[in-house]
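Visitor: Sharing a model that was predicted from the sequence below.
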Amino acid sequence: MSRAAHLAAALLTLLAPAAQAETVAIVGGRLHTLGEAGKIDNGTLLMRDGHIVAAGRDVPVPEDARRIEAAGKVITPGLFDAHSYIGIIEISLVAETNDSAQIGNHFAAAFDVADAVNPRSSLIPVNRIEGVTRVASAPVSVIPPPGTFARGQMISGRGAVIHLGSGDDYLVRRGAAIFAELGEHGALLAGGSRAAALTRLSEALEDAKDFARNRASFESNERRAYAIGRLDLEALQDVLDKDVPLVLHVNRASDISAALRLAGRHDIEIVVRGGAEAWLVAAELAAARVPVVLNPLDNLPARFETLAATLENAARLHRAGVMVAFASGDSHNARNLKQAAGNAVAHGMPHEAALAALTINPARIYGIEDSFGTLEAGKDADVVIWSGDPLELATFAEQVFIRGIAVPMVSRATLLRDRYLDLDAELPAAYR
Amino acid sequence: MARSRAFIGCLLAAAAGCGQQAVDKPGEEAPPLYASTYEPLPGEPVVIENATILTGVGERIDDGVLIMRGGRIEAVGAGLEAPAGLARIDAAGKWVTPGIIDNHSHLGVYPSPQVAAVADGNEVSDPNTAQVWAEHAVWPQDPGFAAALAGGVTTLQILPGSANLFGGRSVVVKNVPARTVQEMKFPGAPHGLKMACGENPKRIYGVERLVAPGTRMGNVAGYRQAWMKAKDYMAAQEAFDSGAADEAPEHDLQLETLAGVLRGEILVHNHCYRADEMAVMLDVAREFGYRIASFHHAVEAYKVADLLAESGTCAAMWADWWGFKLEAFDAVRENIAMVDKAGACAIVHSDSDTGIQRLNQEAAKAMAAAQRSGIEVDRAGAMRWLSLNPARSLGIDTQTGSLEAGKMADVVVWDGDPFSVYTKAEKVFIDGALVFDRADTARQPVSDFELGLVSLDGGAPL
């Protein structure tokens, strides 16, 4: 096929209406189920109607199934970036394309990024063709350089789990967590002290509790003033009801301990995001069953709150029994999370645990473990066929399925590559 | 006047180790100003045996031998007879490469911790700050140096940031623990001049401060006007020197740097993402008769790889960074290999205190992507992106950057294939001295800054 024909085919695939979930049998590969069955060599995975029907050694292949020979290949669930801005930031420094934060103090907990998600973002194909099929898109709370787009909130808002497949039902779980800042950044937003940040967060949670008990008097304006607005009080109910976790951005060991005390006092579930020094308080985290979402590559004393950062953070936490999930904070390159995971393995984390940190663990954190994160019957068929060890640098995703649909293995970047592979062509690249 | 002129000349030559100069007391020699005082750490002759060696010039030697003596590479090859009496390293199953060279780092000027107190990388006071020198701000206690060393980085260029059209002079250092930047300076390496295209200068000046440049037009006008002034300055100097003019031009540190570029003493390192801007900058360079040693962050280099090859300009690239700004939107994973394939000088750079720790992995990703796309490149070829090509861009390729007899013994022993995510640098040698050993904590440098900060309270040791 000529390049033009290739391109046409690729474009057609890109532009075609959402494909149907097929019945597919992937036969002969090594299955990392991430479930009770563990690793299965020479296994078969069968998917139908967007779900996994079976994954095991002796799975019969129905006649109507498309059969994919996968001897020598490795099959895993789709990867899950546990803290992302996919869908809400296209180009970070182009303000018009950045919906990750809101300026001013209109909302905090009630700010919901789900309403801004663009399922046609160019970040989605770039990352899904390298195996990322789910992300938790979260509001951003950063102090941006002067002149740029936004300023974050201490309670930055509600995040959503989205899938990176096609279709308009991209929201897997709206409001899957509420995100907030403590530590250095929280202190800055609260007026310059960690103590102030903790007090303000406590105050918000207490007000939300009071609001829930006294809605009627609030509506009739007979209740004391609250520190946060009505929509924020409402949004925090999910946290107070333990339906969703409060994801707290904390790095310093003492900040993590303070976060754990706050969680205990208010009887809420929290997740530690950042956690550069989490290994120092691993026993506390394990006892409180609090998971940590971290970047395994954070190893520098880049801030005073990360003085004890180490490449062994993930391994030490895992060893202590803490649930770990991976996120890099660079969603344009969520595809590189597997590299980060590989480095965690190089620094002591068991390979299978690193895979769990990319799949089932984030699914548990965001409450979608019943439908995602393992290769087990009944789960959504988010499945990746890898050319080899998924964490190795030379390995690539040969085919990615999201909810049973084989995604077109092209992105804007692969199209750009193809049109410039031959600089000597007669006509300008724009015609290729 | 003439004496002061000699002083300025000495400033310009400082990077290369300034010679003697006028001093107050006749007969006494003052140490050269701003010169390198680098001395290799003590080392002993070493023979590394049974290694898979990537020499950095595109060659792979299986079951190879490398002999280091007197800080230099004495011999490298297969089946070499190692002289008796040398310390031996059995590198069976291990790989040996040249030390990695990062031609784009801000270690020391944007160190950890990233607080305002030590943020010294961008003199954001004027679009032209060619007068500032990165080495006057480098903090040798940046913990990032040791972290980079553990990733096999033996030499790096520390650049001013990219806020300005002309950011200032860079410094090339050997990655050794030191008290002063002079103790790190790569002996004889020329200074670089950091220039920046595109979004950063126009955003920082035009958008944030409502002063020029506010557009890419303004950027280019800013470069050209500055080069014209430099030419005038040089002409006035020459006129004074030849006696045609009575007065020398007023000393100007900024123009001294630009004149240094025009005299070929200082190498231009140009932050430039977009293909069309690189082409414009090549024309600016032609207009004023200087060469651009390398474009940095050359995200779109693949679109103009032929122009880069023609002009002999290197492109320093990330493996896959993209999308953080519009000029970084068109990144492709094959960029580095496509530039290489076109015959241009391709470099993997970091611009990152974490990325610099894993440049081998960045090259591995770029290589793998290229191979998938049908571009032929192997480990031996990709190694050039990490060592010899960056050395070339820094003007130090006759001294380091490859494992060839006579060159500096800047060498990494990896515990496996350096293109694997699981592989770590096991031993790092700089000028033949063992400066990092993963198996020996006594050979793992710890900065003053980190010392005693974390583990004194009985907590688990780092």
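Guide: Structure's in. What do you need? Numbers count the residues shown, from 1 in each chain, chains lettered A, B, ... in the order given.

Visitor: ok, the residue of the stretch 151-300 of chain A found nearest chain B - contacts?
Guide: Chain B sits closest to residue A:300 of the stretch 151-300 of chain A, with a gap of 4.6 Å, by C-beta to the nearest C-beta. Bear in mind the C-beta positions are built from the backbone N, C-alpha and C, glycine included. Residue A:300 makes contacts with A:306, A:309, B:112, B:143, B:144, B:147, B:353, B:354, as judged by C-beta atoms under 8 Å, 6 or more residues apart in numbering or on different chains.

Visitor: and it, helix, strand or coil?
Guide: coil (DSSP: H, G, I helix; E, B strand; the rest coil).

Visitor: For chain B, what's the nearest residue on the stretch 201-350 of chain A?
Guide: Closest point on the stretch 201-350 of chain A to chain B, by C-beta to the nearest C-beta, is residue A:342, at 3.3 Å.

Visitor: Look at that residue and say how many residues are nearby.
Guide: 25 (other C-beta atoms under 10 Å in any protein chain shown).

Visitor: distance between whichever strand or helix holds it and the chain's centre?
Guide: For residue A:342, the host element (DSSP states H and E) is helix A:337-346. In terms of C-alpha atoms, centre = their mean, to the nearest Å, the centre of helix A:337-346 is set 16 Å apart from its chain centre.

Visitor: Check stretch A:409-426 too.
Guide: 30 Å.

Visitor: quick check: mean pLDDT across it?
Guide: Averaged over stretch A:409-426, pLDDT sits at 95.

Visitor: what residues are up against whichever residue of the stretch 51-200 of chain B sits closest to chain A?
Guide: In the stretch 51-200 of chain B, the residue that lies nearest chain A is residue B:112 (4.6 Å; C-beta to the nearest C-beta). Residues near residue B:112 by C-beta under 8 Å, 6+ apart: A:300, A:301, A:302, A:303, B:142, B:143, B:144, B:353, B:449.

Visitor: That one: what secondary structure?
Guide: Under three-state DSSP, residue B:112 comes out as coil.

Visitor: how about low-confidence regions in the chain?
Guide: Just going to use chain A. Counting by pLDDT under 70, chain A contains low-confidence ranges at A:1-19, A:104-106, A:142-152.

Visitor: that's the other chain; I wanted chain B
Guide: B:1-28, B:455-462.

Visitor: Tell me which stretches of the stretch 151-300 of chain B form strands.
Guide: B:153-158, B:166-174, B:192-196, B:267-271, B:292-296 (DSSP state E, counting those that start in this stretch).

Visitor: Would you tell me which of the ones you listed gets closest to residue B:392?
Guide: strand B:292-296 (8.3 Å; C-beta to C-beta).

Visitor: Spatially nearest residue to residue A:423 (excluding sequence neighbours)?
Guide: What sits nearest to residue A:423 in space, not counting adjacent residues and going by C-beta to C-beta, 6 or more residues apart in numbering or on different chains, is residue B:306, at 5.1 Å.

Visitor: which SSE is residue B:390 in?
Guide: helix B:388-393.

Visitor: for that helix, packing partners?
Guide: strand B:100-105, strand B:314-317, strand B:346-348 (3 or more C-beta pairs under 8 Å, 6 or more residues apart in numbering or on different chains; DSSP states H and E).

Visitor: Please identify the deepest-packed of the ones you listed.
Guide: strand B:346-348 (a mean of 32; mean count of other C-beta atoms under 10 Å in any protein chain shown).

Visitor: ok, residues contacting that one?
Guide: So strand B:346-348 is in contact with B:103, B:294, B:301, B:314-319, B:336-337, B:339-340, B:359, B:362-363, B:366, B:384-386, B:389-390, B:393, going by C-beta under 8 Å, 6+ apart.

Visitor: Note down every partner strand of it and its orientation.
Guide: Strands that pair with strand B:346-348, judged by DSSP bridges, come out as strand B:314-317 (parallel).

Visitor: centre of the chain versus the partner strand, how much separation?
Guide: The answer for strand B:314-317 is 11 Å, by C-alpha atoms, centre = their mean.

Visitor: Surely residue A:161 is in contact with residue A:136?
Guide: Yes. Between residue A:161 and residue A:136 there is a contact at 5.4 Å, judged by C-beta atoms under 8 Å.

Visitor: Pull up the gap between the closest residue to residue A:174 other than its chain neighbours and chain B, please.
Guide: Leaving out its chain neighbours, the residue that sits closest to residue A:174 by C-beta to C-beta, 6+ apart is residue A:114, at 4.4 Å. To chain B, residue A:114 is 21 Å away according to C-beta to the nearest C-beta, to the nearest Å.

Visitor: tell me the contacts of residue A:114?
Guide: Applying C-beta under 8 Å, 6+ apart, the residues near residue A:114 are A:137, A:158, A:160, A:171, A:174, A:175.

Visitor: Whichever of those residues end up buried, select them in ChimeraX.
Guide: Buried residues among the contacts of residue A:114 (16 or more other C-beta atoms under 10 Å in any protein chain shown), as a ChimeraX selection:
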select /A:137,158,160,171,175
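
Visitor: Redo the contacts of residue A:114 as CSV? Include distance to residue A:218.
Guide: Formatted as CSV, these follow (distance: C-beta to C-beta, whole Å):
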residue, distance to residue A:218
A:137, 31
A:158, 21
A:160, 27
A:171, 30
A:174, 25
A:175, 21
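
Visitor: Going by distance to residue B:167, which of the contacts of residue A:114 wins?
Guide: residue A:137 (35.4 Å).
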